[in-house]
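Trainee: Provide a 3D model corresponding to the input given below.
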Amino acid sequence: MQPYLTTPEIIESYLESEYWSRETMLDRFRQFSNEYPEKIACRDSLESFSWAELETASDRVAANLIDLD
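Mentor: Numbers count the residues shown, from 1 in each chain. Coordinates of the predicted model:
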């Protein structure tokens, strides 16, 4: 995917000024799973999942998707 509203120079300036980081959503997800395994990660009207439970469930989904190949 190529950015179309920014230039490499703008991207670098945002990174250098720490407006942006190179951290991904996966990085943040794993950090929360490690630091707060028992805290609630998501909840709806029927059930809730801790960060550890959410990581286990997402790992199972990923493994099943890989097995489809």
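
Trainee: Spatially central residue (nearest the centroid) of this structure, please.
Mentor: Met25 (2.5 Å; C-alpha atoms, centre = their mean).

Trainee: Give me the distance between that one and Cys42.
Mentor: 14 Å (C-beta to C-beta, to the nearest Å). For glycine as for every other residue, the C-beta is placed from the backbone atoms N, C-alpha and C.

Trainee: same thing with Asn34?
Mentor: In terms of C-beta to C-beta, Asn34 sits 17 Å off from Cys42.

Trainee: ok, now Asn64?
Mentor: From Asn64 over to Cys42 (counting by C-beta to C-beta), the distance is 20 Å.

Trainee: Quick check on the residue lying farthest from the centre of the chain: phi, psi?
Mentor: The centre of the chain is farthest from one residue, Glu9, which by C-alpha atoms, centre = their mean lies 25.7 Å away. Here is the backbone geometry of Glu9 (degrees, to the nearest 10): phi -70, psi -40.

Trainee: Make residue 1 into 79 and carry on from there
Mentor: Right, with 79 as the first residue, what we last looked at is Glu87.

Trainee: which residues in this protein form strands?
Mentor: 118-121, 126-128 (DSSP state E).
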